[in-house]
Structures are given as structure tokens and as C-alpha cells.
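> The following comprises the amino acid sequence and a computationally predicted model.
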Amino acid sequence: MLKSALIVLFISFIMGMTACGAVSSTATITLAATAEPELIVTEVVSAEPIGDAERGQQIFTRGLDEAPPCSTCHVQSGLETRMFQLAPSLISVGERAATRIEGMNAEEYLHHSIVAPSEYVVSGYRAMMYGNYADHFSDKDIADLVAYLLTL
């Protein structure tokens, strides 16, 4: 009886947190038809925040929370020219990002490249990207930045 009550309480808690937006995941929950109900979570799917490309552009060009702007080193349009590029051009970065690491889509690759920039360094460049964006940017900030990058 106590086990049944705990299961109902758990399900109610998750449903309440999801309804108010505090939880951004979904779970498939199955109750086994036995004398003692049993909670079996068969699948948990994490929902990434959906990015705002317009806000991402602001973060790209202005930086945020004392983190330097990406535009300091990255070219973002064909109109910009520089004698020397510190970082790869981001023109059509979404297309390239989708094929850089097998098993990663463009969004995952770009997100990872922002929070752990030294892990995937483009050939011809050194690992010199600012390494503390994860400390300054929220998940939403990164999602916004990724949404913007996918528009280039």
C-alpha cells in the first residue's frame, strides 16, 4: 500500500513540475498490473531549450555576463574581410557542423563547441577559444546562440 502511494505521489509530482514548466523532460511511465504496482520508467527524453536566433545574434556580437563576444574572432558573413582570422568563419556553419562528428547533429556539435571548445578544433586553427562560456551562459543563452549560428 505504501509503495502504491509513493508511486502515485511521484507521478503527481512529475506531472505538476512539467505543467508549470519546471521540468523540461518527458518520461514514459508504465504501471505493471501486479498485486503490488510497480513503476517502470521506460524512456526519458530531454527537451533542449528552443533558441531565439535574434537574441543569439546579440550574444554573438556583444557577449554576455563579462564573456567576450564571438564576433571578436569569428567572421559571420561574406561581407566581412580580415587579413588574419583567429577562428574559423561561421558562414554556413550549420551545414559543416552537421557533418563534423559522426553521431552528432549540428545543434549538438555547436552546443558542445561552445561549452567545451578545445575538444573539437578545426584543422588549421589552434585551441584558443575562450573556454569559460559554460560558466557565463545559461542553457537558454547557449540555445539562443546556437539558433543564431544555424541561420548563418
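Good, I have the coordinates.
> how about the nearest residue to Val122, chain neighbours excluded?
Nearest residue to Val122 in three dimensions, chain neighbours excluded: Pro88, at 4.6 Å (Cβ to Cβ, 6 or more residues apart in numbering). No exception for glycine: its C-beta is placed from N, CA and C like everyone else's.
> neighbours of the one you found, just the number please.
Close neighbours of Pro88, defined as other Cβ atoms under 10 Å, add up to 17.
> From Lys140, how far out is it?
Separation of Pro88 from Lys140 (Cβ to Cβ, to the nearest Å): 25 Å.
> quick one: secondary structure of Glu102?
Put simply, Glu102 is coil when judged by DSSP: H, G, I helix; E, B strand; the rest coil.
> which residues does it contact?
Residues near Glu102 by Cβ atoms under 8 Å, 6 or more residues apart in numbering: none.
> Using the record's assignment, carve the chain into domains.
For the chain, the structural domains run 2-46, 53-149, going by automatic domain parsing.
> The ones you listed: lowest mean pLDDT?
Among those, domain 2-46 carries the lowest mean pLDDT, at a mean of 51.
> Show me where this structure has its strands.
Taking DSSP state E as the test, the strands found in the chain are 25-31, 39-46.
> Give me the neighbour count for Thr151.
12.
> With Ser118 instead?
11.
> quick one: contacts for it?
Applying Cβ under 8 Å, 6+ apart to Ser118 gives the contacts 127, 129, 131.
> Most neighbours among the residues you listed, please name it.
Within those, most neighbours by other Cβ under 10 Å means Met129, with 20 neighbours.
> The nearest residue to that residue once chain neighbours are set aside: neighbour count?
The shortest distance from Met129 to any non-neighbouring residue, by Cβ to Cβ, 6+ apart, is to Pro117 (3.8 Å). Other residues lying near Pro117 total 18 when counted by other Cβ under 10 Å.
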